[in-house]
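# 3D, please:
(one chain, ligands or ions: 2)
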Amino acid sequence: MVLIVDNLSKTFGGLQAVDQVDLKVEKGDIHAVIGPNGAGKSTFFNLISGFHPPTSGKITFNGNDITKMPPNKIARLGIARTFQTTNLFEDATVLDNVIIGNRLRTKSGLWDAILRTKREIREEKESMEKAYQALDFVELTELANEPIANISQEQKKRVAFALALATDPELVLLDEPAAGVNPDETDGLSSLIQKMADSGLTVCLIEHKMSMIMSLANRIMVLNQGKRIAEGTPDEIKNNPVVIEAYLGS
Ligand code: ADP
Ligand code: MG
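Ligands and ions are numbered 1, 2, ... in the order given. So this is what the prediction gives:
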């Protein structure tokens, strides 16, 4: 198992955003997380990636207990994520966004700002190479020097994928990658997600677009009001009355 989530909970004040959720993700899986708005999906990703400390429960990644680790350490161990809203530096180029993003995600800040050792410089070369590899993977090499402001929404989503891939992850958490993209432009993003899995990455995917989920995912977890109400193959989930009720009731 790449990822084992055990009895994970998060409360915000009186709100139980994630409520005793268990999840096991196998290497090479495309494991979807679905559920109505406010179900706790993004919070669940925030817990795995270290952006919020869990209230209780345990997260194990490749045998390491990452429950209390900070985001940069988790990123270095091999978990990358994209955000529901893509926050890129609009005036900077595609390439610079990937390089800067990589630093912001994997470094702890202060120390790096004041220390530029030989190792640092070598790492910088590496991060440039990683950035180019990632842009090649998402098929944006030709736009490397284009400012973000000049590219389409779908291309920005590809940049967000590249940001995640540049940290050299084993597990990628994609939070609504197709949100805000024209419905007729989502096929390319689907192909990229499939390409990630085909290249050996493990993917967890939050998405509302059901056709995308049903064609990509090999497993689906359904959250409702913080609780896991179902988990299974797309066929099992499609025919599960509990899931249908959760969506109709929302
Ligand atoms: P989803 O991604 O499934 O739409 P979220 O995980 O974003 O749901 O939110 C789940 C619940 O937790 C919502 O009620 C939301 O308002 C609340 N929530 C999320 N993040 C925070 C936060 N940082 N502080 C307080 N409440 C939050
Ligand atoms: Mg969300």
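# going forward, measure contacts and count neighbours with C-alpha atoms only.
Noted.
# partner strands of the helix or strand residue 31 falls within, parallel or antiparallel?
Using DSSP states H and E, residue 31 sits in strand 30-34. Here strand 30-34 is paired, per DSSP bridges, with strand 202-206 (parallel), strand 219-224 (parallel).
# among those, show me which one is buried the most.
Burial of those is given as mean neighbour count (mean count of other C-alpha atoms under 10 Å); strand 202-206 ranks first at a mean of 25.
# figure out which of the strands paired with strand 30-34 is closest to residue 232.
strand 219-224 (5.4 Å; C-alpha to C-alpha).
# measure how the helix or strand that the closest one is followed by sits relative to strand 219-224, angle-wise.
As assigned by DSSP H and E, the chain's next helix or strand after strand 219-224 is strand 227-232. Put simply, strand 227-232 runs at 160 degrees to strand 219-224, going by axes from the mean of the first three to the mean of the last three C-alpha atoms, to 10 degrees.
# now do whatever helix or strand comes next after strand 227-232: which elements does it pack against?
Using DSSP H and E, the helix or strand that follows strand 227-232 in sequence is helix 234-238. In terms of contacts (3 or more C-alpha pairs under 8 Å, 6 or more residues apart in numbering; DSSP states H and E), helix 234-238 is packed against strand 219-224.
# mind redoing it with 10 Å?
For helix 234-238, the packing partners by 3 or more C-alpha pairs under 10 Å, 6 or more residues apart in numbering; DSSP states H and E come out as helix 210-216, strand 219-224, strand 227-232, helix 241-248.
# quick check: residue 135 is in a helix.
Yes: checked against DSSP: H, G, I helix; E, B strand; the rest coil, residue 135 lies within a helix.
# right, and residue 163 touches residue 98 too?
Yes: using C-alpha atoms under 10 Å, residue 163 is in contact with residue 98, at 4.9 Å.
# anything in contact with each of these two?
Residues touching both residue 163 and residue 98 by C-alpha atoms under 10 Å, 6 or more residues apart in numbering: 88, 130-131, 134-135.
# ok, back up a step: columns mean pLDDT and distance to ligand 1 on top of the strands paired with strand 30-34, output as CSV?
Below are those laid out as CSV (pLDDT from 0 to 100; distance: least, C-alpha to the nearest ligand atom, whole Å):
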stretch, mean pLDDT, distance to ligand 1
strand 202-206, 98, 8
strand 219-224, 96, 8
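# nearest residue to the spatially most central residue of the chain in space, ignoring adjacent ones along the chain?
What sits nearest the mean C-alpha location of the chain, by C-alpha atoms, centre = their mean, is residue 173, with 2.1 Å. Leaving aside its chain neighbours, residue 173 sits nearest to residue 81 (4.4 Å; criterion: C-alpha to C-alpha, 6 or more residues apart in numbering).
# repeat that for residue 57.
residue 8 (4.1 Å).
# what's the helix or strand for that neighbour?
Per DSSP H and E: residue 8 is located in strand 3-12.
# surely residue 48 is in contact with residue 57?
No: taking contacts as C-alpha under 10 Å, residue 48 lies outside contact range of residue 57: 11.1 Å.
# who has more neighbours out of those two?
In this view residue 48 and residue 57 are compared by other C-alpha atoms under 10 Å, and residue 48 has more residues nearby, 29 against 16.
# list the contacts for the more buried one?
So residue 48 contacts 3, 5, 8, 42, 54, 58-61, 66-69, 71, 74, 79-81, 173 (C-alpha under 10 Å, 6+ apart).
# who touches both of residue 48 and residue 57?
The contact sets of residue 48 and residue 57 overlap at 5, 8, 67 (C-alpha under 10 Å, 6+ apart).
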